[in-house]
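**Student:** after the sequence you'll find the predicted model.
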Amino acid sequence: MPVVDVDPDELRELTGHDEKSDDELKDDLFNLGLEFEGETDEGELQLEFAPDRLDRLSVEGVARSLRYQYGDDTGVYVPDTNDPDWTYEVEDTVPEGRPYVTGAIVRDVNMTEDVLESLIQLQEKLHATMGRKRAKAAIGIHDLTMLKGSGLGDDDSGHSITYRGIDPDGDRFVPLDADSEMTPAEVLTDHPIGDKFGDLLDGFDRYPAIYDDLGLFSFPPVINGRRTEVEAESRDLLIELTGTDQWTIDHICNIICYALSARGGTIEEVEIDYPTATGPYEDVGGELVRPDFGIDTKHVAHDRIETILGVDFEQREVVDLFARAGLSASVVDDADDVDAVADVGDVDDGADATDGVVYAVEIPPYRVDVLHPIDLIDDLGRAYGFNELEPRYPDIGTVGGRHDRTRLEDATRASLVGLGFEDLLNFHMISAEANYDRLNIEPGATIDDTDRRLVGAGEAVEITGPYSEDYTQLRTWVLPSLLMVLENNTHRAYPQDLAEIGLAAEVDESENTNVAERRSISAVLARNDATYEDAKARLAALCDDFGVNLETPPTDHPTFIDGRVADVVIDGQTVGVIGEVHPAVLVEHDLELPVAAFEFRLDALQ
Amino acid sequence: MRLPDSQLAVLEAASATEATAVDRLADTTDLKPESVTRAAFDLRDDGLVTITERTETTADLTDEAHDYLADGLPEIRLYRAAIDAGADDEAVELGQLIGAAGLEGPEVDIALANFARKGYGQIDSGSVTADLDADPDSDPEADALATLADGGSVDDADLLDQLERRDLLVQHEHTVREITLTDDAVDALMAGIETAETIDRLTPEMLTSGEWEDVEFSKYNVEADAPEIEGGRKHILRQTADRAKDVLVGMGFQEMDGPHADADFWINDCLFMPQDHPARTHWDRFALDVPPIQDLPDQLVDRVESAHREGVGDDGDGYHSPWDRDFAEAVALRGHTTSLSMRYLSGFAGADIEPPQRYFSVEKVYRNDTLDPTHLLEFFQIEGWVLAEDLSVRDLMGTFEEFYAQFGITDIKFKPHYNPYTEPSFELFGTHPTTGEIVEIGNSGLFRPEVLEPLGIEADVMAWGLALERLLMLMYGFEDIRDVHGTLCDLELLRETEVLQ
């Protein structure tokens, strides 16, 4: 979950609550769902929170939420915006994999080192979360005074920058943290940042690039040029975002604009001029004005609030709680016609006044987490305080019970334990070496002169691109796990009589999932005098417990000693194998005493 | 008269005129002292011997005493050094004598204190004068130590106490029993006593022949340790799982079952997890190298896709993320057992889904976490859900309080949280029953409309999940889960862990 560093002094300043101690702030933040994790060396609070409220990824957003919580602010706030002067021209050369752009101009920001630091952190956190590590959205923020855009109008008003696609070695610029000019392709190979984000351009013929009159100044999603680098002295900023989804980059842009607005900045709109209104631009239109501070409205039924929270509310309370959550709610006059919105002041809080009441709730443009009215009810619950709610045990009658499969497994386990086996629990993932090689079998191997597959030699379900060489596939039988436990416990007292009932799986295209999963019973007797007879005695006792008929005709299996191995045939079906483990397998597992073992399918006991 | 071997031997070795100590009888009879004692008590009960008891004190020399036996008592060494240095004439500086006497560390103080006490001379302002009349060769303390070291005894109680105060010996008291024959015993011996046969094991033949009536069973040392054996037992994590299952069945929950390898559709898409969610990337899931699932229910897939793209309801919004059916059909190991909940809620698992319903499972899930003492790649998840009309957050809180109370975890705190598939969502925190620590014990919430509407569920569903291993660690205080679960497990730990009651 994201962790954001927040300077408590800045928080006091931005909330206007100088009187709050650090501890009080921590309590208030916990109530917002921001958990105090520790402090940085500089005394900043490290706050962890769930990745829904991305508008709180900086001190400005956290302060805004606190002001709502304190009741200093209520309802939806939208900053004023000035009309556009700059245009972002988009050429039809932009790479297909990164077609969208958005942005804003912010002037007169009260920039300081602290503000700059906070802005950089916000940018990083947005990249990491909503930006999906820049794959979905990449942010560039530039010092506007370093940009030169051609005047489009006669009076030199109207400036532009251009987003286009270029040949990877098609131009040169000086990237951040570099002293010499590089081509975009060189950035990917020679610059540390290029190394980190180069993957995002895999398969791109043309690389994204943004130009002003002086040339290339931004190479999204990798790095900005050094010329337009924002510094503590910068006042006027140009924000550009590119990405794979217009909504996503627009909302990230909103979050940044709100943060800079809190730092005294004035937001100025920009025009986005796409080359066409077709193809990828069909849904968004050919010409846009951004940032889009449009207010979304969703409708919430009063009854639903009450059933979800289990508390009765008056209308006024609901409206008030929404306002404290930074939302603006009003009662819809005629709930059947959600376009008609009544002034909340006229509402009568009578006993039945809430029947059928519906609220129209306005959602500010920096919220990215509200997908459904249920999210607004959650906001209301947080504003009310979930821990204020009294738990109650629901009065619902249902009948409990176990699944047949686990009941059989439990009964079998009880029998095995009664026969003296220690019940074990091992991983279902294993390596091919442990599953096959060390048991002296080969995948797909059959019993000599037949087409019957050896127990354990089924085709393994392999993990795609495994991360550890110890866990590359699902086990095809359980015996390898038990032998590994014996191997790891040679220093412990003998006898070691172990059993496990667990999952084994193999590829089977007749199954719905293409994987045949079964529960397999495996048991080992490791003791100085372990013999086939010991294993068979216990297997026979187990079969007796379940009233099934056991036969053990001789068979071949390279895991076991030739002539001391048999098929486990239960009620006429061959379901497993029993025998004395081959010395080669014992030595492979560093065992210095004989082991007798059996393994068969659990469902044979049904 | 018939007596067992040992009793007869004791009787024959003892005397009617002289009390004989048990140890001596043991030597004579070649029996162990405890066997002699046992026989003597049996004989006393039959009126054949009397037993007298007295307390005897023995003294054991300490290591320090053994050192002095070799080197001489420090005060005597000081005296001899003083005489050699002419301190009988005039006072000699102590400093000169310490080295000559071979005194080290605390021996200096010991030497000085006892030198003066025994009148070997005077010490005044660091100068030593020796009394020529003193006789270190017949020092009573040195003599007593030598006597004790040779196995002799010293009767002077004051002298022994003095040596004990000097930490040179430790005195022990123990009971000495002495046996004397009674007149009856003498008579019986004169009349002749037969040995009664004592036998080791009762045999079937003895029982059928009636021979058991004439035999005497040899007595075992019933207090001796028996060889250790290990009975079979259910794995401790299974016991914990069974306990959780019992609680849930008791609360009216039905158990679910289903595949470990499943389509991402059931694992994630049904749960309204966007396909570009970080948890769905290559690094977090275990994708399997098998063909995709072809027979997903088409209508449900369409409704789920629509929920992802457009949201549900008049005011609903979808995710601004790509959605691809191929990804939904790909097979992976389930990252949570919520895939089972989805199969059941959809009706695909064949269950009746009319409200009210309660379902649970305690089953394995797979996550590509970094292995450490509290994280495994495979672990058990306790999963539960309740389907009913108009469920509230309060019902959810009440259900979980009841569940955790069964494990002694009370004072549950609900921290508002975010999950893609539930809203409202809560992390559950509880107080550790023994350490008092506040620990996270689960994650819960009401399933979102985007989850339920595509499944055709019109009532509310509350759900929660919890790692079984966490419950186990809370209950037992295990520090490394790898000792318990997996092939690195320690059989000793599994054998020693107390069973769950």
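**Tutor:** That came in fine, so what should we check first? Since this is a predicted model, take the numbers as computed values, not measurements.
**Student:** of all the residues in chain A, which one is nearest chain B?
**Tutor:** Closest approach between chain A and chain B, counting by C-beta to the nearest C-beta: A:Gly310, at 3.1 Å. C-beta coordinates here come from the backbone N, C-alpha and C atoms, glycine included.
**Student:** what's next to stretch A:173-184, contact-wise?
**Tutor:** Stretch A:173-184 is contacted from outside by A:166, A:168-172, A:187, A:190-193, A:207, A:209, A:215-217, A:219, A:222-227, A:229, using C-beta atoms under 8 Å, 6 or more residues apart in numbering or on different chains.
**Student:** repeat that for 6 Å
**Tutor:** Stretch A:173-184 has contacts (C-beta atoms under 6 Å, 6 or more residues apart in numbering or on different chains) with A:168-169, A:172, A:187, A:191, A:207, A:216, A:219, A:223-226.
**Student:** so of the residues you listed, which ones are in strands?
**Tutor:** A:207, A:216, A:219, A:223-224 (DSSP state E).
**Student:** so which of the residues you listed is surrounded by the most neighbours?
**Tutor:** For the ones in strands among the contacts of stretch A:173-184, counting by other C-beta atoms under 10 Å in any protein chain shown, the largest number of neighbours falls to A:Phe219: 30 neighbours.
**Student:** burial check on the nearest residue to that residue once chain neighbours are set aside, number of neighbours?
**Tutor:** Using C-beta to C-beta, 6 or more residues apart in numbering or on different chains and skipping the chain neighbours, the partner closest in space to A:Phe219 is A:Pro184 (5.2 Å). A:Pro184 has 28 neighbours, counted by other C-beta under 10 Å.
**Student:** mind checking how far A:Pro184 is from A:Asp169?
**Tutor:** A:Pro184 is 8 Å from A:Asp169, where distance means C-beta to C-beta, to the nearest Å.
**Student:** so B:Met342 makes contact with B:Phe265?
**Tutor:** No. Using C-beta atoms under 6 Å, B:Met342 is not in contact with B:Phe265, being 8.4 Å away.
**Student:** not counting its neighbours along the chain, what's nearest residue 367?
**Tutor:** No chain was given, so I picked chain A. Per C-beta to C-beta, 6+ apart, closest to A:Arg367 is A:Asp55, 6.3 Å.
**Student:** try chain B instead
**Tutor:** The shortest distance from B:Arg367 to any non-neighbouring residue, by C-beta to C-beta, 6+ apart, is to B:Gly335 (5.5 Å).
**Student:** can I assume that neighbour sits in a strand?
**Tutor:** No. Assigned with DSSP: H, G, I helix; E, B strand; the rest coil, B:Gly335 falls outside any strand and is coil.
**Student:** correct me, but it touches B:Asp369?
**Tutor:** No. If you go by C-beta under 6 Å, B:Gly335 and B:Asp369 don't touch, sitting 10.3 Å apart.
**Student:** tell me which helix or strand B:Leu471 sits in.
**Tutor:** Element membership for B:Leu471, per DSSP states H and E: helix B:468-476.
**Student:** picking that back up, more neighbours, B:Gly335 and B:Asp369?
**Tutor:** Legend: neighbour count by other C-beta under 10 Å for B:Gly335 and B:Asp369, higher for B:Gly335 (22 against 12).
**Student:** what sits against A:Asn514?
**Tutor:** A:Asn514 neighbours (C-beta under 6 Å, 6+ apart): B:290-291.
**Student:** pLDDT at residue 53, what is it?
**Tutor:** I'll assume chain A. For A:Arg53, the model assigns a pLDDT of 89.
**Student:** right idea, wrong chain: chain B
**Tutor:** Model confidence at B:Glu53 (pLDDT) stands at 89.
**Student:** and for B:Ala191?
**Tutor:** 86.
**Student:** list the contacts of the residue nearest to B:Glu363 when sequence neighbours are not counted.
**Tutor:** When the adjacent residues along the chain are set aside, B:Glu363 lies closest to B:Thr337, with 5.0 Å between them (C-beta to C-beta, 6+ apart). Each residue near B:Thr337 by C-beta under 6 Å, 6+ apart is listed here: B:361, B:363, B:365, B:381, B:383.
**Student:** what's the most distant pair in those residues?
**Tutor:** Pairwise distances across those peak at 10.0 Å for B:Ser361 and B:Val365 (criterion: C-beta to C-beta).
**Student:** which one's more surrounded, the two?
**Tutor:** Between B:Ser361 and B:Val365, counting by other C-beta under 10 Å, B:Ser361 is the more crowded of the two (26 against 22).
**Student:** one step back: which helices and strands sit right next to the helix holding B:Leu471?
**Tutor:** Applying 3 or more C-beta pairs under 6 Å, 6 or more residues apart in numbering or on different chains; DSSP states H and E, we find helix B:468-476 packed against helix B:236-250, strand B:378-388.
**Student:** and these, which is most packed in?
**Tutor:** Neighbour counts (mean count of other C-beta atoms under 10 Å in any protein chain shown) averaged over each of the helices and strands packed on helix B:468-476 peak at strand B:378-388, with a mean of 23.
**Student:** domains in the chain, by residue range?
**Tutor:** The chain I'm using is chain A. A:3-70, A:81-290, A:296-338+A:353-388, A:404-605 (automatic domain parsing).
**Student:** was after chain B, sorry
**Tutor:** B:2-60+B:173-217, B:63-167, B:237-496.
**Student:** for the shortest one, the distance to its chain's centre please.
**Tutor:** Taking C-alpha atoms, centre = their mean, to the nearest Å, one finds the center of domain B:2-60+B:173-217 at 43 Å from the center of the full chain.
**Student:** try the second one
**Tutor:** Relative to the chain's own centre, domain B:63-167 is displaced by 51 Å; criterion: C-alpha atoms, centre = their mean.
**Student:** any idea of the mean pLDDT in that domain?
**Tutor:** For domain B:63-167, the mean pLDDT works out to 84.
**Student:** got a list of contacts for stretch B:365-378?
**Tutor:** Residues outside stretch B:365-378 that contact it (C-beta under 6 Å, 6+ apart) are A:427, A:467, B:284, B:286, B:333-337, B:364, B:381, B:480.
**Student:** in that stretch, which residues are buried?
**Tutor:** For stretch B:365-378, a neighbour-count test (16 or more other C-beta atoms under 10 Å in any protein chain shown) marks B:365-368, B:374, B:376-378 as buried.
**Student:** same check, this time on stretch A:444-461
**Tutor:** Residues A:445, A:447, A:453-458, A:460-461 are the ones in stretch A:444-461 that count as buried (16+ other C-beta under 10 Å).
**Student:** among those, which are in reach of chain B?
**Tutor:** The residues of the buried residues of stretch A:444-461 that also fall near chain B, by C-beta under 6 Å from any C-beta of the partner chain, are A:Val461.
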